[in-house]
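Chemist: requesting a structural model of the entry that follows:
(2 chains)
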Amino acid sequence: MQRREALTTMLALAASASLPAANAERVSGGQPWTPGEAALPELPLAPPGSLAYFTQAEFDIVGAMAERLIPGDALSISGKDAGCATFIDRQLAGGYGSAATMYRLGRFIKGTPEQGTQSPLTPAQRYRQGLAALEKHCQATFGKGFAQLSGEQQDALLFAMERGSLALGPDVEVKQLFEQILQNVREGFLSDPIYGGNRGMASWKMIGFPGAQYDFRGLLGRNGQKLAIVPISLVDNSL
Amino acid sequence: MANKHPKADAVIVGLGWCGSLMAEELTRAGLNVVAIERGPWVETSVDFPPSVDTDELRWDTRRSMLLPQAVETSTFRNSAKQKALPTRDWNLNEMGNNVGGAGTHWAGMAWRFSPFDFQPYSMTMKRYGAGQIARGLILQDWGVTYDDLEPHYDRFEKIAGVSGKAGVLNGKVMEGGNPFEGNRSSEYPLPPLASLRLTDLFNTAAKSLGYHPFMVPAGQASAAYTNPLGVRMGPCTYCGYCLYYGCGNFSKSSPNACVIPALMQRSNFSVLTDSAVIRANLAPDGKTATGVTYIDKDGQEWEQPADIVVFSAFQMQNVRLLLLSKIGRPYDPATRTGTVGRAYNFQSVSGANLFFENEYLNTFIGAGALSQQIDDFNGDNFDHTGLGFIGGAGILVVARGARPIGNADFLPPGSPRWGKGWKEAYTHAFQNAAGIFGQGTSYSHEDCYLDLDPEYKDAHGLPLLRLTYDYNENDRRSAKFIEEKSVGIGKAMGATIVQGTNSAEGHYSPYNFASDHTIGGAVMGLDPRTSVLNRYQQSWDVHNVFVLGASSFPNNAGYNPTGTIGALTLWTAQAVREQYLSRRGPLVKA
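Modeler: So this is what the prediction gives:
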């Protein structure tokens, strides 16, 4: 069968006067396919240097956190310099931030650890609420915001959040907040640069991940050897 | 009901592996077939070409090809004493959401179950007696044997373009294959995938321990291939973007790559996409179904009448559809009667995490099923006398394609989770960490079942499915045994740190990704008191309803389910074509 030569007809349902047309596509007689079309990822349309969700203050706190969670050293630039805060800003402005895929109906009741998250907050709301509470705590305790604290002070706060021992008020599940931030900072550091983080593919160079490669047949038979593949990303550098 | 389509000969609910194979068989027999798929049409060249596919964040981390919980999820509790709460986020119940179903995003391990897996009750009674069976365990034969299914496994492997090496071929044990497998009538259509460093290490270690390692049958074409439906597959490029991804090379076995291109050429087939079936409709006497009702994108209800109704959605969705359609008698855990939702089961998984010192495992090169396995401790391949359990596990390593976000916690015990220490540990571990995965058999239990949740509902106002489940004593003993064997192999592989893992040690949680092989709840069998379906996956109660998928499995095997799902579908299709079409009624007397 010639895949590309398949007839590609989308038959709209013949709608009679009494029936509404079903809003389902009836696909038959071939495989609908338009040359040149590709299902590219959804990226928020925020110009470089602007913010899509965070306030500047929130952006600065998350940047400071990324600097501590993934510090710059001989292995790579820091999470902050790699663009993790920009990455998270774009993610929170999109479907991920609004928990578009999560089940959010019915009563939110605290359950067992095995039953997982039962929080009514979306990721974007969790950041907004949690960062505000953290900032309030820092101002009250140190007279400065989180971003202005020393690295040691920031680390101590992050450890306390990780352990769940930092009290940020009855509404903030501090451990869940920390886990979300750590996960998102890692995502920003390790995902394709197309999403705003991992600048210069810094993390991929660090761990030796070759990126958006699609064919390793030429390397079969070199089992156990250092391959030193130059990584590539989905970012279009052709222009 | 105002919105009604013309009647079809057969309506197929869910166009994954089961739905597409069934549609292929029935359209070839001349029937007019309409499939109804909840997700959209997808096309390799548009939706997952190489330039779109290679994106971990999108496809793996954010699970963009799966059915979101916002659309359908289930509620969960470990025991009937607890209140079930909705599983709100991505979890191990991974349902497909596109034409191709879960068969589009699966890893590709294309197994046959062993003969024991289909007759665990009679074979356990014969070899050990009733004392070997833990209290409350549901152990029953499937009503279909390995030998019944062999030709259908063979056909499935040829359609899917499976790469592997026969271990037992026409009664002869073959070098390099699995000597414990059921007898095969022919070789795999394609030779095994190339072995990589990780699979080399496993092979050598397993042999040094006297075990029998072999390459796992893979749904990745090891060479260019044309299947019996005339569809061409391209050779696998070992890119490692398989599980959670589509395949841009037409190399991974999937309904999209292997069946649908042929199906879409048939004038007696069409598929309605973006349409969620909510129930089968029954005739007034309740003995037959008249078709199905579905909801389209705009929330409009439609009826699709049909003479044959095939439920071929995901395992849990099949059970929910039966309950919503009021087909069969729901299981009552108090009286242990009723069948729909009974014998729900998952899979006990244990193994070991390995950390080497100076390796270049390069496991970013790989394929979803690029694996070495031993079956020495799977099924009933070893003597269980005195062990206190039945079953076991296939013990394997897989070079699935290590990915940066997904591996970020795969570190030696005690490593920092962030900071400079994390960076150092991760940089080393990315090339030096590997897992041994003991994929267990599991037998269901009287206390574990599926029913409709009394409180939580989907966006259409229909009750969610409720899981009541935890590991049972047989699972725990068997997983512990396999963990110990896995640790032994890990040490023989030369890893400096070997850490046993055991998902069945604690309570089950849908967020602990032991595997995603959820089964049962609408099982096939010989007795209508203990099964929903007869040996042809035909409803005992409503004879023109057939239910396909892992929902039919009374017990789980130490293998991935897809090969068996495919073979059972083809077995059922043969019964429909050769028996049911000429004599509409129960194919087995109740």
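Chemist: run a quick neighbour tally on residue 226.
Modeler: Here I'm looking at chain A. By the other C-beta atoms under 10 Å in any protein chain shown criterion, the neighbourhood of A:Lys226 contains 10 residues. Placement of C-beta: from N, CA and C, glycine included.
Chemist: that was the other one, I meant chain B.
Modeler: 12.
Chemist: against B:Gly161, how distant is the residue lying closest to it once chain neighbours are set aside?
Modeler: Setting aside the residues directly before and after it, B:Thr226 is nearest to B:Arg232 in space (C-beta to C-beta, 6 or more residues apart in numbering or on different chains), at 5.1 Å. B:Arg232 sits 9 Å away from B:Gly161, going by C-beta to C-beta, to the nearest Å.
Chemist: helix or strand for the spatially closest residue to B:Ile260 that is not a sequence neighbour, which one?
Modeler: Of all residues not flanking B:Ile260 in the chain, B:Ser20 sits nearest, at 5.6 Å (C-beta to C-beta, 6+ apart). For B:Ser20, the host element (DSSP states H and E) is helix B:17-28.
Chemist: packing partners for that helix?
Modeler: Applying 3 or more C-beta pairs under 8 Å, 6 or more residues apart in numbering or on different chains; DSSP states H and E, we find helix B:17-28 packed against strand B:8-13, strand B:33-36, helix B:102-105, helix B:255-258, helix B:260-263, strand B:301-311, helix B:562-575.
Chemist: same list (the ones you listed) but as TSV, adding mean neighbour count and mean pLDDT.
Modeler: Putting the helices and strands packed on helix B:17-28 into TSV (neighbours: other C-beta atoms under 10 Å in any protein chain shown; pLDDT from 0 to 100) gives the following:
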stretch	mean neighbour count	mean pLDDT
strand B:8-13	25	98
strand B:33-36	27	98
helix B:102-105	29	98
helix B:255-258	29	98
helix B:260-263	24	97
strand B:301-311	23	98
helix B:562-575	25	98
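Chemist: could I get these as TSV with distance to B:Glu357?
Modeler: Below are the helices and strands packed on helix B:17-28 laid out as TSV (distance: least, C-beta to C-beta, whole Å):
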stretch	distance to B:Glu357
strand B:8-13	52
strand B:33-36	53
helix B:102-105	35
helix B:255-258	40
helix B:260-263	47
strand B:301-311	52
helix B:562-575	36
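Chemist: re earlier: for the residue nearest to B:Ile260, what are its contacts?
Modeler: Counting by C-beta atoms under 8 Å, 6 or more residues apart in numbering or on different chains, B:Ser20 touches B:Ala35, B:Gly100, B:Gly103, B:Pro255, B:Val259, B:Ile260, B:Leu263.
Chemist: excluding its backbone neighbours, what's nearest residue 231?
Modeler: With no chain named, the answer covers chain A. Among residues not flanking A:Pro231 along the chain, A:Gly211 sits closest, at 3.6 Å (C-beta to C-beta, 6+ apart).
Chemist: sorry, should have said chain B
Modeler: According to C-beta to C-beta, 6+ apart, the nearest residue to B:Val231 is B:Pro261 (4.9 Å).
Chemist: kindly report the same for B:Ser208.
Modeler: B:Ala492 (5.6 Å).
Chemist: can you tell which of the helices and strands packed on helix B:17-28 is closest to A:Met206?
Modeler: Closest approach to A:Met206 among the helices and strands packed on helix B:17-28 is made by helix B:102-105 (28.7 Å; C-beta to C-beta).
Chemist: other SSEs contacting that closest one?
Modeler: Counting contacts by 3+ C-beta pairs under 8 Å, 6+ apart, helix B:102-105 is packed against helix B:17-28, helix B:255-258.
Chemist: using CSV, list the CA coordinates for that helix.
Modeler: This file holds the C-alpha atoms of helix B:102-105, laid out as CSV (Å, rounded to 0.1, in the frame of the first residue of the first chain):
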residue,chain,number,x,y,z
ALA,B,102,-2.7,3.0,24.1
GLY,B,103,-1.2,1.1,21.2
THR,B,104,0.2,4.4,19.9
HIS,B,105,2.2,5.3,23.0
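Chemist: what comes into contact with the next helix or strand after that helix?
Modeler: For helix B:102-105, the following helix or strand on the C-terminal side (DSSP H and E) is helix B:115-118. Applying C-beta under 8 Å, 6+ apart, the contact partners of helix B:115-118 are B:123, B:141-142, B:144-147, B:149, B:182, B:379-381, B:441, B:555, B:557, B:559.
Chemist: if any of those are buried, put those into a ChimeraX selection.
Modeler: The buried residues among the contacts of helix B:115-118 can be selected in ChimeraX (16 or more other C-beta atoms under 10 Å in any protein chain shown) with this line:
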select /B:123,141,142,144,146,149,182,379,380,381,441,555,557,559
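Chemist: for the contacts of helix B:115-118, which one is nearest B:Gly291?
Modeler: Closest approach to B:Gly291 among the contacts of helix B:115-118 (C-beta to C-beta): B:Val144, at 27.7 Å.
Chemist: A helix includes that closest one, no?
Modeler: No - going by DSSP: H, G, I helix; E, B strand; the rest coil, the assignment for B:Val144 is coil, not a helix.
Chemist: once you drop chain neighbours, what's closest to it?
Modeler: That would be B:Arg535: by C-beta to C-beta, 6+ apart, it lies 5.0 Å from B:Val144.
Chemist: OK, contacts around the one you found?
Modeler: Contacts of B:Arg535 by C-beta under 8 Å, 6+ apart are B:Trp142, B:Gly143, B:Val144, B:Met524, B:Gly525, B:Leu526, B:Val588.
Chemist: which residues touch the residue nearest to B:Ser208?
Modeler: Contact partners of B:Ala492, counting by C-beta under 8 Å, 6+ apart, are B:Ala205, B:Ala206, B:Ser208, B:Leu209.
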